[in-house]
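1. After the sequence you'll find the predicted model.
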Amino acid sequence: MSQLAGIIAVLACTLFAGAAVYINLVEHPARLACGTEIAARQWAASYKRATLMQAPLAVLATIAGILRWLLTGGSLWLVGSICIFLVVPFTLLVILPTNHRLLEPGRDRASAETRALLMTWGQLHGVRTALSLLASLLLVYALVQP
């Protein structure tokens with residue numbers, strides 16, 4: 001049971017991290033290269049879909065990692081679980097206001113303000129990417145320890 005919990009934690013966390021890295025290094029720069037109006041429209045569609053994938057992965061990784069820690073100990077499981085969990089409150093407290101502004105009805109999607117919000121969003125998402133990469137490294141390392 002503890003081994004399964006560890007594998008689930010690592011899988012969910014690394015899937016989250018992989019998607020986050022892709023968004024920061026590929027998807028977001030590509031959308032910005034299409035012009036602000038198109039970028040804002042594409043961001044909105046992508047945001048809705050990514051939320052359905054990434055939120056459950058972060059929660060699953062957290063629960064499985066904490067379960068593994070409770071069953072076997074090992075501070076790496078706890079620290080890695082906390083790191084991936086931190087993307088949730090960071091998203092709700094720091095990123096969500098930017099998301100709401102980008103999605104507000106009547107927003108001029110071609111404006112300089114929208115472009116600035118998209119740039120800010122990319123930087124904020126980078127924090128989630130860094131947290132998920134750190135969590136992934138910790139959890140993978142914890143998994144391969146004898």
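-> Alright, I've got the coordinates. Numbering: from 1, shown residues only.

2. okay, CA-based contacts and neighbour counts for the rest of this
-> Will do.

3. in the chain, which spans are helices?
-> Remark: helices assigned in the chain by DSSP state H are 2-22, 28-32, 36-72, 75-85, 87-90, 96-103, 112-144.

4. other SSEs contacting the longest one?
-> Other helices and strands packing on helix 36-72, by 3 or more CA pairs under 8 Å, 6 or more residues apart in numbering; DSSP states H and E, are helix 2-22, helix 28-32, helix 75-85, helix 87-90, helix 96-103, helix 112-144.

5. Residue 60: which of the ones you listed is closest?
-> When the helices and strands packed on helix 36-72 are compared by CA to CA, helix 2-22 sits nearest residue 60, at 6.5 Å.

6. taking the mean pLDDT, what do you get for the closest one?
-> For helix 2-22, mean pLDDT is 97.

7. now swap in stretch 92-110 and tell me
-> 97.

8. First residue to last residue on it, what's the distance there?
-> 26 Å (CA to CA, to the nearest Å).

9. returning to that earlier point: dump the helices and strands packed on helix 36-72 to CSV, plus distance to residue 56 and mean neighbour count.
-> Putting those into CSV (distance: least, CA to CA, whole Å; neighbours: other CA atoms under 10 Å) gives the following:
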stretch, distance to residue 56, mean neighbour count
helix 2-22, 9, 21
helix 28-32, 21, 17
helix 75-85, 11, 23
helix 87-90, 10, 17
helix 96-103, 17, 15
helix 112-144, 14, 19
